[in-house]
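>>> Sequence and predicted structure below; questions after.
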Amino acid sequence: MNAIDKGQYVEGEVEVLESIQRLPIEDRAIIERTLRRYNAESQVDGYRADPSALVQFLVEKRLLVDSPVIFDLGAGPGDLLKRLSNEFPNANCTGIDLARGFVDKFNQQQRSNARMRMGLIDSPSVFPGDDEIEGGVVSVLTLDRLLYPRQLAANMSRFTRSRIIATLLPVVAEDDNPSRQGDEK
Amino acid sequence: MPENRIVPGQNAEDDQRVLAAQLKEAWDRPVDFETVPYMVQSSGDVQSYQLGVFYSTP
(Lines give C-alpha, C1' and ligand atoms only; values in the text may rest on other atoms or scores of the structure.)
Protein backbone atom coordinates (compact mmCIF):
# COMPACT_ATOMS: atom_id res chain seq x y z
CA MET A 1 0.00 0.00 0.00
CA ASN A 2 3.00 2.30 0.10
CA ALA A 3 2.57 3.28 -3.56
CA ILE A 4 -0.97 4.63 -3.20
CA ASP A 5 -1.59 7.86 -5.05
CA LYS A 6 -3.76 9.45 -2.40
CA GLY A 7 -5.13 11.98 -4.84
CA GLN A 8 -7.40 9.44 -6.47
CA TYR A 9 -9.08 8.36 -3.24
CA VAL A 10 -11.73 10.02 -1.12
CA GLU A 11 -11.05 10.69 2.54
CA GLY A 12 -10.93 7.47 4.50
CA GLU A 13 -10.44 5.19 1.53
CA VAL A 14 -6.72 4.85 2.02
CA GLU A 15 -7.31 4.09 5.68
CA VAL A 16 -9.86 1.42 4.74
CA LEU A 17 -7.50 -0.19 2.24
CA GLU A 18 -4.58 -0.08 4.66
CA SER A 19 -6.73 -1.61 7.40
CA ILE A 20 -7.66 -4.46 5.08
CA GLN A 21 -4.00 -5.10 4.29
CA ARG A 22 -3.26 -5.58 7.99
CA LEU A 23 -5.90 -8.31 8.41
CA PRO A 24 -5.13 -12.03 8.53
CA ILE A 25 -5.18 -13.39 4.99
CA GLU A 26 -8.50 -15.28 5.36
CA ASP A 27 -10.22 -12.24 6.85
CA ARG A 28 -8.72 -10.06 4.13
CA ALA A 29 -10.22 -12.25 1.40
CA ILE A 30 -13.67 -12.04 3.01
CA ILE A 31 -13.68 -8.30 3.44
CA GLU A 32 -12.21 -7.59 -0.01
CA ARG A 33 -14.97 -9.70 -1.55
CA THR A 34 -17.57 -7.96 0.57
CA LEU A 35 -16.24 -4.53 -0.29
CA ARG A 36 -16.40 -5.28 -4.01
CA ARG A 37 -19.98 -6.51 -3.69
CA TYR A 38 -21.14 -3.52 -1.64
CA ASN A 39 -19.56 -1.13 -4.10
CA ALA A 40 -21.37 -2.91 -6.92
CA GLU A 41 -24.67 -2.74 -4.98
CA SER A 42 -24.19 0.96 -4.39
CA GLN A 43 -24.11 1.59 -8.14
CA VAL A 44 -27.73 0.49 -8.61
CA ASP A 45 -30.96 1.59 -6.98
CA GLY A 46 -32.55 -1.85 -6.74
CA TYR A 47 -32.60 -2.03 -2.94
CA ARG A 48 -34.75 0.23 -0.79
CA ALA A 49 -35.53 -0.12 2.90
CA ASP A 50 -38.59 1.30 4.60
CA PRO A 51 -37.54 2.09 8.17
CA SER A 52 -40.87 3.77 9.07
CA ALA A 53 -41.72 1.45 11.98
CA LEU A 54 -38.21 1.69 13.37
CA VAL A 55 -38.26 5.49 13.15
CA GLN A 56 -41.68 5.58 14.85
CA PHE A 57 -40.29 3.37 17.62
CA LEU A 58 -37.27 5.64 18.13
CA VAL A 59 -39.50 8.71 18.24
CA GLU A 60 -42.02 7.18 20.65
CA LYS A 61 -39.25 6.06 22.98
CA ARG A 62 -37.60 9.50 22.68
CA LEU A 63 -34.29 7.71 22.27
CA LEU A 64 -32.56 10.33 20.13
CA VAL A 65 -34.46 13.44 21.12
CA ASP A 66 -31.59 15.04 23.04
CA SER A 67 -28.74 14.01 20.74
CA PRO A 68 -26.83 16.89 19.15
CA VAL A 69 -25.42 14.41 16.65
CA ILE A 70 -26.81 11.12 15.42
CA PHE A 71 -24.55 8.54 13.81
CA ASP A 72 -25.72 5.64 11.65
CA LEU A 73 -22.98 3.02 11.50
CA GLY A 74 -23.37 1.01 8.29
CA ALA A 75 -25.75 3.55 6.78
CA GLY A 76 -25.89 2.07 3.26
CA PRO A 77 -27.75 4.46 0.93
CA GLY A 78 -28.78 6.60 3.92
CA ASP A 79 -32.53 5.90 3.97
CA LEU A 80 -32.69 5.76 7.77
CA LEU A 81 -30.42 8.78 8.17
CA LYS A 82 -32.69 10.92 5.99
CA ARG A 83 -35.73 9.92 8.05
CA LEU A 84 -33.93 10.62 11.32
CA SER A 85 -32.87 14.02 10.01
CA ASN A 86 -36.52 14.88 9.43
CA GLU A 87 -37.60 13.67 12.86
CA PHE A 88 -34.76 15.32 14.76
CA PRO A 89 -34.20 18.65 13.00
CA ASN A 90 -31.80 19.96 15.62
CA ALA A 91 -29.35 17.10 15.20
CA ASN A 92 -26.45 16.79 12.82
CA CYS A 93 -26.74 13.42 11.12
CA THR A 94 -23.69 11.46 10.05
CA GLY A 95 -23.55 8.12 8.29
CA ILE A 96 -20.64 5.73 8.07
CA ASP A 97 -20.33 3.04 5.45
CA LEU A 98 -17.76 0.80 3.85
CA ALA A 99 -18.90 1.39 0.27
CA ARG A 100 -17.56 4.48 -1.44
CA GLY A 101 -20.49 4.39 -3.89
CA PHE A 102 -23.04 4.91 -1.10
CA VAL A 103 -20.92 7.64 0.47
CA ASP A 104 -20.37 9.59 -2.75
CA LYS A 105 -24.01 9.35 -3.82
CA PHE A 106 -25.37 10.42 -0.43
CA ASN A 107 -23.01 13.37 -0.11
CA GLN A 108 -23.86 14.50 -3.61
CA GLN A 109 -27.59 14.34 -2.85
CA GLN A 110 -27.15 16.18 0.45
CA ARG A 111 -24.49 18.69 -0.58
CA SER A 112 -26.77 21.64 0.21
CA ASN A 113 -27.70 20.25 3.65
CA ALA A 114 -25.03 21.14 6.19
CA ARG A 115 -26.59 18.81 8.79
CA MET A 116 -26.09 15.67 6.71
CA ARG A 117 -22.94 13.90 5.67
CA MET A 118 -21.58 10.44 5.18
CA GLY A 119 -18.03 9.16 5.39
CA LEU A 120 -16.11 6.00 4.79
CA ILE A 121 -15.72 3.89 7.88
CA ASP A 122 -12.11 4.91 8.56
CA SER A 123 -12.36 8.61 7.66
CA PRO A 124 -10.39 10.34 10.43
CA SER A 125 -12.47 13.51 10.37
CA VAL A 126 -15.77 11.63 10.51
CA PHE A 127 -15.04 9.08 13.23
CA PRO A 128 -11.93 10.41 14.92
CA GLY A 129 -9.72 9.25 17.73
CA ASP A 130 -10.77 7.39 20.84
CA ASP A 131 -12.67 10.12 22.66
CA GLU A 132 -16.28 10.05 23.71
CA ILE A 133 -18.75 11.33 21.14
CA GLU A 134 -21.54 13.49 22.49
CA GLY A 135 -24.49 12.02 20.64
CA GLY A 136 -26.61 8.99 19.84
CA VAL A 137 -25.86 6.06 17.55
CA VAL A 138 -27.83 3.51 15.57
CA SER A 139 -26.75 0.51 13.54
CA VAL A 140 -29.29 -1.49 11.55
CA LEU A 141 -28.81 -4.87 9.88
CA THR A 142 -25.05 -4.81 10.27
CA LEU A 143 -24.27 -7.46 12.89
CA ASP A 144 -24.67 -10.29 10.38
CA ARG A 145 -22.51 -8.52 7.81
CA LEU A 146 -19.55 -7.50 9.90
CA LEU A 147 -16.37 -9.49 10.14
CA TYR A 148 -15.80 -8.18 13.67
CA PRO A 149 -19.22 -7.50 15.23
CA ARG A 150 -17.73 -7.01 18.70
CA GLN A 151 -15.87 -4.00 17.33
CA LEU A 152 -19.20 -2.43 16.42
CA ALA A 153 -20.42 -2.79 19.99
CA ALA A 154 -17.15 -1.31 21.26
CA ASN A 155 -17.35 1.63 18.84
CA MET A 156 -20.91 2.33 19.92
CA SER A 157 -19.83 2.51 23.55
CA ARG A 158 -18.04 5.78 22.71
CA PHE A 159 -21.38 7.53 22.24
CA THR A 160 -22.72 9.22 25.34
CA ARG A 161 -26.44 9.16 24.44
CA SER A 162 -28.72 6.40 23.23
CA ARG A 163 -27.22 3.37 21.52
CA ILE A 164 -29.43 1.26 19.27
CA ILE A 165 -28.67 -1.94 17.38
CA ALA A 166 -31.37 -3.50 15.20
CA THR A 167 -30.85 -6.94 13.74
CA LEU A 168 -32.56 -10.01 12.42
CA LEU A 169 -32.65 -12.86 14.91
CA PRO A 170 -30.98 -15.27 14.88
CA VAL A 171 -27.92 -13.40 13.67
CA VAL A 172 -26.79 -15.61 10.79
CA ALA A 173 -23.36 -14.36 9.77
CA GLU A 174 -23.17 -13.50 6.10
CA ASP A 175 -20.00 -15.50 5.54
CA ASP A 176 -21.90 -18.56 6.83
CA ASN A 177 -24.64 -18.04 4.27
CA PRO A 178 -23.34 -18.48 0.70
CA SER A 179 -26.66 -17.41 -0.83
CA ARG A 180 -26.03 -13.91 0.48
CA GLN A 181 -22.49 -13.65 -0.79
CA GLY A 182 -23.42 -13.06 -4.41
CA ASP A 183 -21.95 -14.90 -7.34
CA GLU A 184 -18.43 -13.75 -6.79
CA LYS A 185 -16.14 -16.33 -5.17
CA MET B 1 -15.18 -16.59 10.90
CA PRO B 2 -16.74 -18.50 13.80
CA GLU B 3 -14.24 -17.17 16.33
CA ASN B 4 -15.36 -13.62 15.57
CA ARG B 5 -19.07 -14.22 16.17
CA ILE B 6 -20.86 -12.24 18.84
CA VAL B 7 -23.73 -14.77 19.20
CA PRO B 8 -24.17 -18.47 18.38
CA GLY B 9 -26.52 -17.75 15.45
CA GLN B 10 -28.59 -20.91 15.94
CA ASN B 11 -31.95 -19.63 17.18
CA ALA B 12 -33.58 -16.31 17.93
CA GLU B 13 -34.16 -16.84 21.64
CA ASP B 14 -30.55 -17.71 22.42
CA ASP B 15 -29.20 -14.90 20.27
CA GLN B 16 -31.50 -12.36 21.92
CA ARG B 17 -30.32 -13.42 25.36
CA VAL B 18 -26.62 -13.62 24.47
CA LEU B 19 -26.56 -10.39 22.51
CA ALA B 20 -28.32 -8.46 25.26
CA ALA B 21 -25.73 -9.73 27.72
CA GLN B 22 -22.84 -8.89 25.37
CA LEU B 23 -24.12 -5.37 24.80
CA LYS B 24 -24.78 -4.80 28.47
CA GLU B 25 -21.16 -5.69 29.18
CA ALA B 26 -19.70 -3.70 26.25
CA TRP B 27 -21.82 -0.64 26.93
CA ASP B 28 -21.78 -0.88 30.72
CA ARG B 29 -25.48 -0.01 30.78
CA PRO B 30 -28.82 -1.84 30.97
CA VAL B 31 -30.05 -2.94 27.55
CA ASP B 32 -33.73 -3.22 26.62
CA PHE B 33 -35.27 -5.13 23.75
CA GLU B 34 -38.30 -4.83 21.46
CA THR B 35 -39.24 -5.99 17.98
CA VAL B 36 -40.40 -3.76 15.11
CA PRO B 37 -41.39 -4.58 11.52
CA TYR B 38 -39.05 -3.64 8.71
CA MET B 39 -39.85 -3.59 4.99
CA VAL B 40 -37.32 -4.09 2.22
CA GLN B 41 -37.94 -3.71 -1.49
CA SER B 42 -35.49 -5.46 -3.78
CA SER B 43 -35.93 -5.96 -7.53
CA GLY B 44 -39.66 -5.28 -7.23
CA ASP B 45 -40.26 -7.75 -4.40
CA VAL B 46 -41.35 -6.43 -1.02
CA GLN B 47 -40.35 -8.44 2.02
CA SER B 48 -41.29 -7.83 5.62
CA TYR B 49 -39.09 -8.77 8.56
CA GLN B 50 -39.19 -8.44 12.30
CA LEU B 51 -36.17 -6.58 13.59
CA GLY B 52 -34.90 -7.17 17.07
CA VAL B 53 -34.04 -3.77 18.54
CA PHE B 54 -31.53 -3.58 21.40
CA TYR B 55 -31.28 -0.15 22.95
CA SER B 56 -29.80 1.63 25.92
CA THR B 57 -30.03 5.11 27.34
CA PRO B 58 -27.63 6.95 29.65
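Perfect, thanks for sending it.
>>> all contacts plus neighbour counts: C-alpha atoms, from now on.
Will do.
>>> In the helix or strand hosting A:Arg37, which residues are buried?
Under the assignment given by DSSP states H and E, the secondary-structure element containing A:Arg37 is helix A:25-41. Along helix A:25-41, the positions that meet the burial threshold by neighbour count (16 or more other C-alpha atoms under 10 Å in any protein chain shown) are A:Asp27, A:Arg28, A:Ile30, A:Ile31, A:Thr34, A:Arg37, A:Tyr38, A:Asn39, A:Glu41.
>>> Next, format those as CSV and append distance to A:Ala153.
What follows is the buried residues of helix A:25-41, written out as CSV (distance: C-alpha to C-alpha, whole Å):
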residue, distance to A:Ala153
A:Asp27, 19
A:Arg28, 21
A:Ile30, 20
A:Ile31, 19
A:Thr34, 20
A:Arg37, 24
A:Tyr38, 22
A:Asn39, 24
A:Glu41, 25
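>>> Intersect these with the contacts of chain B.
Taking C-alpha under 8 Å from any C-alpha of the partner chain, the overlap between the buried residues of helix A:25-41 and the neighbourhood of chain B is A:Asp27.
>>> Kindly indicate which of the buried residues of helix A:25-41 lies nearest A:Leu64.
Using C-alpha to C-alpha, A:Tyr38 is the member of the buried residues of helix A:25-41 that lies nearest A:Leu64, at 28.2 Å.
>>> Chain neighbours aside, what residue packs nearest to the closest one?
Of all residues beyond its chain neighbours, the one nearest A:Tyr38 is A:Ala99 (5.7 Å), with distances taken as C-alpha to C-alpha, 6 or more residues apart in numbering or on different chains.
>>> Same list as before, the buried residues of helix A:25-41 that is, but in TSV and with pLDDT included.
Written out in TSV, the entries for the buried residues of helix A:25-41 read as follows (pLDDT from 0 to 100):
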residue	pLDDT
A:Asp27	84
A:Arg28	87
A:Ile30	82
A:Ile31	82
A:Thr34	80
A:Arg37	80
A:Tyr38	79
A:Asn39	80
A:Glu41	78
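>>> Before we move on, what's the pLDDT of the residue nearest the centre of chain A?
The central residue of chain A, meaning the one whose C-alpha is nearest the mean C-alpha position (C-alpha atoms, centre = their mean), is A:Gly74 at 1.9 Å. The confidence metric pLDDT takes the value 92 at A:Gly74.
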